[in-house]
Each structure stands twice: as C-alpha cells, then as structure tokens.
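In: Sequence and predicted structure are below.
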Amino acid sequence: MRIVSHSVILPLTGIGYRISEAKTSKVRIHNDLANAAFFYKNIIEEKRKNGGPGISIDCMACATMLAFTWEAYLNFFGSELLRPDWNEMEKLDVKETLVLGKLSIKADWGKQPYSSVRLLTKIRDWLAHGKPVERVITKAVVKGVEKVTGRNIDLSGEWKSLCTPVLVLKAHDNLDIIFRQMLEASGIAVIDTLSSGEGSITFTETVVVGKPREPEIKLRTLAEKS
C-alpha cells in the first residue's frame, strides 16, 4: 500500500486554489503473476493444437510464473490475516504452514490439487539456483557394425522432465482451485484481492497567482527614465 499526500495550486483566471491531494494505491502483485502464467498457458494450448517451436520454453516460463504466483498468494493472505507479524522474507514452507493453518486448510501434498504446488516449487528451485550438472553414463550395448559410431547424448536438464504441457497445464488449473479454496476460507471479498487506488482532494485556501512583483516594476521604470 502506498499513500501519497501533497499540496498543489490550481490556477483559474488569476485566482488559484491551494489544495491537499491524497492518493492511496494497493498493488496486488499476485494478479500480475497469475496473468503472466495465463498468457503462457494460452500459448501452450495453441501450440499443442496447431504446432510451433519452443513449447518447452513456454512451459518453463508458465511454470515459473505459477511458482511465483503461489508465493504471492501466501504473501497476500499472510499480510491480510496475520499482520503485523507477517514476514514476506520467511521460508516458503514456513509461510505455507502459517497461512494454511490460519485458514484451517489441511493440504495433502501427495494428492491433487496440492501436489502441483510441490511440482512447481521443484521447478522453481531448479531454475532459480541454476546449478551446472555433469552426468557420466557407462553401459554396455550390442549394435551392428554400421551403428557403432552413432551417438545419442541427452543434454536436457532435470527441469525439462517436469516442464511438459500436460503437467504445467494441470498445475495451472490446480493452483486456481487452491486459490479459490483459500479465498473462501479467508472470507475476503474478491474485489479486495485486486489492485486498486483511491484519492481525495481537500480545499485549503484561495490564492492569487500570476501577479507581478512590485520591486521588479519599480526597477524597470527607473531604468527606462535613465
């Protein structure tokens, strides 16, 4: 929440009004993150239907936005229900325990829809920490002479095994289900989850604007005479 207050003068035919203007803005970032995830969800569905390159990258982006959305949901409900003790910088699992406990929601992390949260968290951790991986695989194979020189080396990262259209699209829908559960349990109105702003203007006094300063007029007159 941001609150801005300042005074301004509004000129009108030589008369101005000094006012005090106050503005309050409430920015709910979980909406922006959810919209970004929805954007990539639509791209994934379109490519599944009509084809197109880079669907794994789209899945990566969608899963990342969903993971961020989950933590933003926790921060929203935490700030609304657990103030002033809420700490946005707390570890994710601690925030999950605090918020879901406050909402009296018993999450089964091994079953849908909550199992999707664990999938998203794993993808986020893999991508966020970005550790280099080196794999050495040795195995004995029997091939025809003409295929001895053939090579098929797997260069995909672990994240790619989870960033599939089926898993990511399901995670998107499951996270929406979880948010609705949390919203219902919280008693918070939908409109209060949206970014919003409001303002007010308070009249202070009437002032004259644009009037020449007398000392300047006198000095100019003396200069003209000389």
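Out: Here it is on my side, so go on. Numbering: from 1, shown residues only.
In: chain center to stretch 93-104, what's the gap?
Out: The chain centroid and the centroid of stretch 93-104 are separated by 20 Å under C-alpha atoms, centre = their mean, to the nearest Å.
In: Mind checking the pLDDT average for that stretch?
Out: Confidence over stretch 93-104 (mean pLDDT, whole number) is 97.
In: in it, what counts as buried?
Out: Buried residues in stretch 93-104, counting neighbours by 16 or more other C-beta atoms under 10 Å, are found at 95-96, 98-100, 102-103. C-betas here are computed from N, CA, C, even on glycine.
In: Kindly report the same for stretch 102-113.
Out: 102-103, 105, 107, 113.
In: First residue to last residue on that stretch, what's the distance there?
Out: Here the two ends of stretch 102-113 are set 19 Å apart, with distance taken as C-alpha to C-alpha, to the nearest Å.
In: returning to what we had before: got TSV for the buried residues of stretch 102-113, with secondary structure too?
Out: TSV is the format used below for the buried residues of stretch 102-113 (DSSP: H, G, I helix; E, B strand; the rest coil):
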residue	secondary structure
102	helix
103	coil
105	coil
107	coil
113	coil
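In: Next, format those as TSV and append distance to residue 33.
Out: TSV is the format used below for those (distance: C-beta to C-beta, whole Å):
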residue	distance to residue 33
102	22
103	20
105	21
107	20
113	18
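In: Out of the residues you listed, which is nearest to residue 153?
Out: Distance to residue 153 across the buried residues of stretch 102-113 (C-beta to C-beta) is lowest for residue 113, with 36.8 Å.
In: gap between the nearest residue to that closest one once chain neighbours are set aside and residue 21?
Out: By the measure of C-beta to C-beta, 6 or more residues apart in numbering, the closest residue to residue 113 outside its immediate chain neighbours is residue 174, 3.4 Å from it. For residue 174, the distance to residue 21 equals 44 Å [C-beta to C-beta, to the nearest Å].
In: So the two - more neighbours on which side?
Out: residue 174 (19 against 13; other C-beta atoms under 10 Å).
In: tell me the pLDDT at the more buried one?
Out: The pLDDT attached to residue 174 in the predicted structure is 98.
In: where does it land in three-state SS?
Out: helix.
In: my read: it touches residue 118, true?
Out: No: checked against C-beta atoms under 8 Å, the pair residue 174 and residue 118 is beyond contact range at 10.8 Å.
In: For residue 157, give me its contacts.
Out: Shown in contact with residue 157 (C-beta atoms under 8 Å, 6 or more residues apart in numbering): 126, 133.
In: what about it, distance to residue 138?
Out: With distances defined as C-beta to C-beta, the gap from residue 157 to residue 138 amounts to 21 Å.
In: Could you point out the longest helix of the protein?
Out: In the chain, ranked by residue count with DSSP state H as the criterion, the top helix is helix 55-81.
In: ok, and the residue nearest in space to the middle of the chain, which helix or strand is that part of?
Out: Among the residues of the chain, residue 33 comes closest to the average C-alpha position under C-alpha atoms, centre = their mean, at 3.4 Å. For residue 33, the enclosing helix or strand under DSSP states H and E is helix 29-50.
In: average model confidence for that helix?
Out: When the per-residue pLDDT values of helix 29-50 are averaged, the result is 97.
In: what helices or strands is that helix leaning on?
Out: Counting by 3 or more C-beta pairs under 8 Å, 6 or more residues apart in numbering; DSSP states H and E, the packing neighbours recorded for helix 29-50 are helix 55-81, helix 165-186.
In: Residue 90: which of these is closest?
Out: Each of the helices and strands packed on helix 29-50 was checked against residue 90 via C-beta to C-beta, and the shortest separation belongs to helix 55-81, namely 8.5 Å.
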